[in-house]
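1. Model the structure of this input:
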Amino acid sequence: MRCAHRAAWFVGGMAGFLLVGCQQPSGTDTASAIRHETRVRAENALWIETPPERRFHNNREVVVAEMKGPGMITMIHFAYPHRAIAMPKEYHLNRDLLLRIWWDDEKEPSVDCPMVDFFCDPAGLREVVNTALTNKKRGWNAYFQMPFRKSAKVMLVYEGPEPPGEKLWAMMPCYSYVMWRSMPVPPQAPYFHAWWNQKAVLTGKEEYPVLRTQGRGEFIGWNVTVRRPGSPGYPVDMNEKFCIDGEETASVEFQGIEDSFGFSWGFPEVENIYPMLGYRPFMKGAAAYRFFLNDSIAFSKSLIVDIGYGANEDAMFRREFSKPGTQIQFSSTCYWYQTEPHLAFPPMIPAAERAPAPEQMFWPEEAPAPPSAEDLRSRGVKLHMACGRPEKEILFAEPGFGAAVTQGATWTGWPPPVFHCRSHDHEIQVELTVPQGAEGTLRLYLIDPDSFGGGRKQEIFVGNRSIGTFEEFQEGRWIDAPVTRDMTTDGRLLVRVANRAGGGNAVVSMIEWVAPK
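-> You can find the predicted model right below:
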């Protein structure tokens, strides 16, 4: 049966198949027929056997493959740096190295990414990557099918501080090959694209821009990192919005970052890796990937992809994450096919700014300063405890005063100025040490900025006495309780904060002892 000039482009499937006009004998698998009717080639680069212009000894930019079409790239491989196995810290490959690919003599690249991020290895921090279309273990491999009609050029561009020479060659991937097939490409077959971005945003004020493109095509996957530098806490309540062909309201909108990658109620505590989607810890945040191979998101004119809060999300998130020091740093690599020409990508972020932000609380702002001893003494404070503060909890204590938490976990990650607390599902317990027979005022600061479980409700006990049940303290509230001499005869005082909401947890952020005036 002759099938000349009949073609179908499938982005779906494990790697997608390009079916082209061919002689297809009856009963023969189409893909097998393609393999027999076309020729496989391989382009080598970077190793000492290749010409000098294809190595980093003398160049910061190296063309690792250049092909004349029509044809299709079927695999890209980069080997580990020459010395990385023996000295992984010194020769760690990071975002200084870019992967760029051009189709059909175009002026602007269709692929522009840090090489490591292209392979679902954000910032190059992973030892192993194992997805349907990319993997890493002493080398990086990608299996995206990339058709071209006239030509294809694959280039590595190093933008770090090391000059060309023996050390740079040892730092870079030591060998590469690009597998491609010389074959006809049907008129409707779109081109492969990939682009990386990184930005820190106040999510209460703006959305993170993932992609803006024009043309006809299909979005087939992405990998994303999200973190609040220096903090183990970061919101996952933003939505992933796909506005197709100029629509003002996204017709594809996932409600929650973790849900869009196949998880729920936050990302799991340990990595979960599957062929089509997965999650891994990324510094103190999260990295996740997903391929939309069976449900690719098609567009005819344009596609805009953003990450931001949904229209009906609790106003608390926009309020709290508009405050200084609550920036969320995102990075993303998105993969899609589309017709050319594509919109030129924004200029690549300078190499020095592509590294993940440092693990510094409130980056890029300064951390709120704790109260000074002079200020506390002027108010008659004898003990000041910043519950859950990671650096130090007891910020001030006069002789004879102290505190020890006997039940309750630490938490940091709320917006400033009070970004920390002690928490427990049932009851927080703090034992105070005071001079025997001391009297004064015990003060507890409660704040519920995330309204966890619909709003916290908790009862406070000082010694054996309940001083009341409190709720609706989302904006923060001081609770004062008088302490008489008979309550401290043994020099100890137990403070308990009990959860009375039926869900969620109990929290307390500051405890003070104030002497009587």
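
2. so where do the strands sit in the stretch 201-350 of the chain?
-> Ranges of strands in the stretch 201-350 of the chain, per DSSP state E, counting those that start in this stretch, are 208-214, 217-227, 239-244, 252-255, 272-273, 277-282, 285-291, 297-299, 302-308, 328-338.

3. closest one to residue 160 among the ones you listed?
-> Between residue 160 and the strands of the stretch 201-350 of the chain, the tightest spacing by CB to CB is seen for strand 328-338, at 17.8 Å. Just so you know, the C-beta spots here come from the backbone N, C-alpha and C atoms, and that holds for glycine as well.

4. mind exporting the following helix or strand past the closest one as CSV, just the C-alpha atoms?
-> Next along the chain after strand 328-338, taking DSSP states H and E as the criterion, comes helix 351-354. Taking Å, rounded to 0.1, in the frame of the first residue of the first chain, the C-alpha atoms of helix 351-354 are listed here in CSV:
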residue,chain,number,x,y,z
ALA,A,351,25.1,33.9,34.6
ALA,A,352,25.8,35.5,38.0
GLU,A,353,22.0,35.8,38.7
ARG,A,354,21.0,32.3,37.5
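
5. Save the strands of the stretch 201-350 of the chain as CSV, and put in distance to residue 369 too.
-> CSV is the format used below for the strands of the stretch 201-350 of the chain (distance: least, CB to CB, whole Å):
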stretch, distance to residue 369
strand 208-214, 30
strand 217-227, 24
strand 239-244, 35
strand 252-255, 38
strand 272-273, 40
strand 277-282, 30
strand 285-291, 26
strand 297-299, 47
strand 302-308, 31
strand 328-338, 23
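
6. Surely residue 262 touches residue 289?
-> No: contact criterion CB atoms under 8 Å: residue 262 and residue 289 do not qualify, at 10.1 Å.

7. coming back round to it: can the strands of the stretch 201-350 of the chain go into JSON lines with extra columns for mean neighbour count and distance to residue 78?
-> Shown next, in JSON lines, are the strands of the stretch 201-350 of the chain (neighbours: other CB atoms under 10 Å; distance: least, CB to CB, whole Å):
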{"stretch": "strand 208-214", "mean neighbour count": "19", "distance to residue 78": "25"}
{"stretch": "strand 217-227", "mean neighbour count": "24", "distance to residue 78": "17"}
{"stretch": "strand 239-244", "mean neighbour count": "20", "distance to residue 78": "29"}
{"stretch": "strand 252-255", "mean neighbour count": "16", "distance to residue 78": "32"}
{"stretch": "strand 272-273", "mean neighbour count": "14", "distance to residue 78": "21"}
{"stretch": "strand 277-282", "mean neighbour count": "20", "distance to residue 78": "20"}
{"stretch": "strand 285-291", "mean neighbour count": "24", "distance to residue 78": "18"}
{"stretch": "strand 297-299", "mean neighbour count": "18", "distance to residue 78": "29"}
{"stretch": "strand 302-308", "mean neighbour count": "21", "distance to residue 78": "27"}
{"stretch": "strand 328-338", "mean neighbour count": "24", "distance to residue 78": "16"}
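
8. Throw those strands into JSON lines and include distance to residue 112 and mean pLDDT, thanks.
-> Shown next, in JSON lines, are the strands of the stretch 201-350 of the chain (distance: least, CB to CB, whole Å; pLDDT from 0 to 100):
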{"stretch": "strand 208-214", "distance to residue 112": "12", "mean pLDDT": "98"}
{"stretch": "strand 217-227", "distance to residue 112": "15", "mean pLDDT": "98"}
{"stretch": "strand 239-244", "distance to residue 112": "21", "mean pLDDT": "98"}
{"stretch": "strand 252-255", "distance to residue 112": "24", "mean pLDDT": "96"}
{"stretch": "strand 272-273", "distance to residue 112": "27", "mean pLDDT": "92"}
{"stretch": "strand 277-282", "distance to residue 112": "22", "mean pLDDT": "95"}
{"stretch": "strand 285-291", "distance to residue 112": "19", "mean pLDDT": "96"}
{"stretch": "strand 297-299", "distance to residue 112": "20", "mean pLDDT": "98"}
{"stretch": "strand 302-308", "distance to residue 112": "16", "mean pLDDT": "98"}
{"stretch": "strand 328-338", "distance to residue 112": "10", "mean pLDDT": "98"}
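
9. and residue 174, which of the ones you listed is closest to it?
-> Nearest of these (CB to CB): strand 328-338, 23.5 Å.

10. Partner strands of the closest one and their direction?
-> strand 191-201 (antiparallel), strand 217-227 (antiparallel) (DSSP bridges).

11. could you dump the ones you listed to CSV with distance to residue 468?
-> Output for the strands paired with strand 328-338, formatted as CSV (distance: least, CB to CB, whole Å):
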stretch, distance to residue 468
strand 191-201, 40
strand 217-227, 39
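
12. Residue 280 is nearest to which of those strands?
-> Ranking the strands paired with strand 328-338 by proximity to residue 280 (CB to CB) places strand 217-227 first, at 9.5 Å.

13. now that closest one, how far from the centre of its chain.
-> Centroid separation between strand 217-227 and its chain, computed with CA atoms, centre = their mean, to the nearest Å, is 11 Å.

14. Could you check how far stretch 65-76 is from the centre of its chain?
-> Centroid separation for stretch 65-76 versus its chain: 32 Å, with CA atoms, centre = their mean.

15. can you list contacts of it?
-> 18, 40-41, 43, 45, 104, 141-154, 176-185, 192 (CB atoms under 8 Å, 6 or more residues apart in numbering).

16. Please, a ChimeraX command that selects the buried ones among the residues you listed?
-> Burial among the contacts of stretch 65-76 is assessed by 16 or more other CB atoms under 10 Å; the matching ChimeraX selection reads:
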select :18,43,45,104,142,143,144,145,146,147,148,149,151,152,153,154,176,177,178,179,180,181,183,184,185,192
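
17. So which residue is dead centre in this protein?
-> For the chain, the residue nearest the mean C-alpha position is residue 225 (1.3 Å; CA atoms, centre = their mean).

18. How much space separates that residue from residue 329?
-> 8 Å (CB to CB, to the nearest Å).

19. Find the residues that touch each one of the two.
-> When contacts are counted by CB under 8 Å, 6+ apart, residue 225 and residue 329 have 285, 356 as shared neighbours.

20. May I have the phi/psi pair for the residue sitting furthest away from the middle of the chain?
-> Residue farthest from the centre of the chain, counting by CA atoms, centre = their mean, is residue 486 at 53.9 Å. When read as degrees, to the nearest 10, the backbone of residue 486 gives phi -70, psi -10.

21. ok so, going back, among the strands paired with strand 328-338, which is nearest residue 131?
-> Among the strands paired with strand 328-338, the nearest to residue 131 by CB to CB is strand 217-227 (8.7 Å).

22. Would you mind writing the CA trace of that closest one as CSV?
-> Backbone C-alpha positions of strand 217-227 (Å, rounded to 0.1, in the frame of the first residue of the first chain) are rendered in CSV as follows:
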residue,chain,number,x,y,z
GLY,A,217,1.4,24.3,18.7
GLU,A,218,1.2,22.2,21.8
PHE,A,219,2.6,22.5,25.3
ILE,A,220,4.0,19.1,26.3
GLY,A,221,5.7,19.6,29.7
TRP,A,222,7.7,21.6,32.2
ASN,A,223,9.9,21.4,35.3
VAL,A,224,9.4,24.0,38.0
THR,A,225,11.1,25.0,41.3
VAL,A,226,9.5,26.9,44.1
ARG,A,227,11.1,28.1,47.3
